[in-house]
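**Student:** pasting the sequence and the predicted coordinates here, then a few questions.
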Amino acid sequence: MFKFSSDTKAKLGNTIAYIANNVQNPSKTKVLKLLYIMEEKMVSKYGIPFLGLPFEVWELGPVQKDVFVAISNESGFFDDYVTIVYEKDNCILAARKPFDEDEFSQLELTMMQEVIAEYGDKTAKQLVDYLHSKNSLWYKVASEKGLLEAFREGLCSCSDIRIDFCELLPKAKKEAYQESLLIHETANEMKASANV
């Protein structure tokens with residue numbers, strides 16, 4: 001399991017609250033897909049990580065496993081930021097407090113606004129379909145690793161194979177992104193260990 005530092009948890013919790021405050025029907029699937037799109041857009045547009053969290057190739061698209069588990073198990077991990085409401089068969093997230101923009105740079109805030117403007121009105125299914133398109137990173141990895149058939153046949157619904165965001169970048173920017181990601185991950189790890 002990924003260890004979240006208090007800083008990473010605050011940024012992630014506020015991002016989820018931002019999504020919950022700014023889209024209709026913020027279901028668990030929709031929130032997870034928008035988190036992924038935010039990460040992908042930050043990397044593809046600016047060559048830097050947004051949350052810097054690993055996303056895995058699952059049947060319904062890219063998923064940040066630890067966020068999925070925290071929301072699914074009602075672990076209370078995000079209780080300061082969102083509450084879970086069940087409507088019919090849907091798990092809907094509702095923000096508990098106003099969004100705190102102090103956790104974000106202006107660049108990140110702009111990217112978040114752009115993602116919500118472009119994808120926020122989409123349904124969870126439309127987001128899954130978008131992320132399953134043949135030119136997506138999810139499709140590329142699922143195809144290369146033989147997961148498409150397994151998902152179609154119902155043999156599995158998730159994998160531990162990670163999305164490599166470097167695939168979005170030209171060769172000249174890959175090294176800078178990897179270095180930025182390493183710094184981000186190391187800082188998170190050190191802070192998380194200090195919190196224990």
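**Tutor:** Sure thing, it's come through. Numbering: from 1, shown residues only.

**Student:** ok, which stretches of the chain are helices?
**Tutor:** Ranges of helices within the chain are 6-22, 28-46, 65-72, 106-119, 124-131, 137-144, 147-153, 171-195, based on DSSP state H.

**Student:** what's the burial count for K145?
**Tutor:** For K145, the neighbour count with other CB atoms under 10 Å is 12. Using the backbone N, CA and C atoms, a C-beta is placed for each residue, glycine as well.

**Student:** point out where the protein drops to low pLDDT.
**Tutor:** For the chain, residues meeting the criterion pLDDT under 70 lie at 1-2, 74-75, 195-196.

**Student:** for E59, which of the helices of the chain is the nearest?
**Tutor:** Taking CB to CB, helix 147-153 is the member of these nearest to E59, at 4.4 Å.

**Student:** which secondary structure elements does that closest one contact?
**Tutor:** helix 137-144 (3 or more CB pairs under 8 Å, 6 or more residues apart in numbering; DSSP states H and E).

**Student:** just give me the neighbour total for I37.
**Tutor:** 22.

**Student:** which residue is most remote from the mean position of the chain?
**Tutor:** What lies farthest from the middle of the chain is E153; by CA atoms, centre = their mean that is 25.8 Å.

**Student:** quick one: the helices of the chain as TSV, columns for distance to F99 too.
**Tutor:** TSV is the format used below for the helices of the chain (distance: least, CB to CB, whole Å):
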stretch	distance to F99
helix 6-22	5
helix 28-46	14
helix 65-72	17
helix 106-119	9
helix 124-131	21
helix 137-144	28
helix 147-153	34
helix 171-195	21
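
**Student:** out of these, nearest to E87?
**Tutor:** helix 28-46 (11.6 Å).

**Student:** any idea how far that closest one is from the chain center?
**Tutor:** The chain centre lies 5 Å from the centre of helix 28-46; the measure is CA atoms, centre = their mean, to the nearest Å.

**Student:** then stretch 77-86?
**Tutor:** On CA atoms, centre = their mean, the centre of stretch 77-86 falls 16 Å from that of its chain.

**Student:** likewise stretch 82-99?
**Tutor:** That offset, for stretch 82-99, works out to 17 Å (CA atoms, centre = their mean).

**Student:** so for that stretch, what gets flagged as buried?
**Tutor:** Residues of stretch 82-99 classed as buried: V82, C91, I92, L93, A95, F99 (neighbour count, 16 or more other CB atoms under 10 Å).

**Student:** next one: A150 from I19, what distance?
**Tutor:** 30 Å (CB to CB, to the nearest Å).

**Student:** that older thread, farthest-apart pair in the buried residues of stretch 82-99, please.
**Tutor:** Within these, two members stand farthest from each other by CB to CB: C91 and F99, at 20.6 Å.

**Student:** so what's the residue nearest to D100 when sequence neighbours are not counted up against?
**Tutor:** In space, D100 comes closest to N14 once its chain neighbours are excluded; the distance is 5.2 Å by CB to CB, 6 or more residues apart in numbering. Counting by CB atoms under 8 Å, 6 or more residues apart in numbering, N14 makes contact with Y81, F99, D100, E101, E103, F104.
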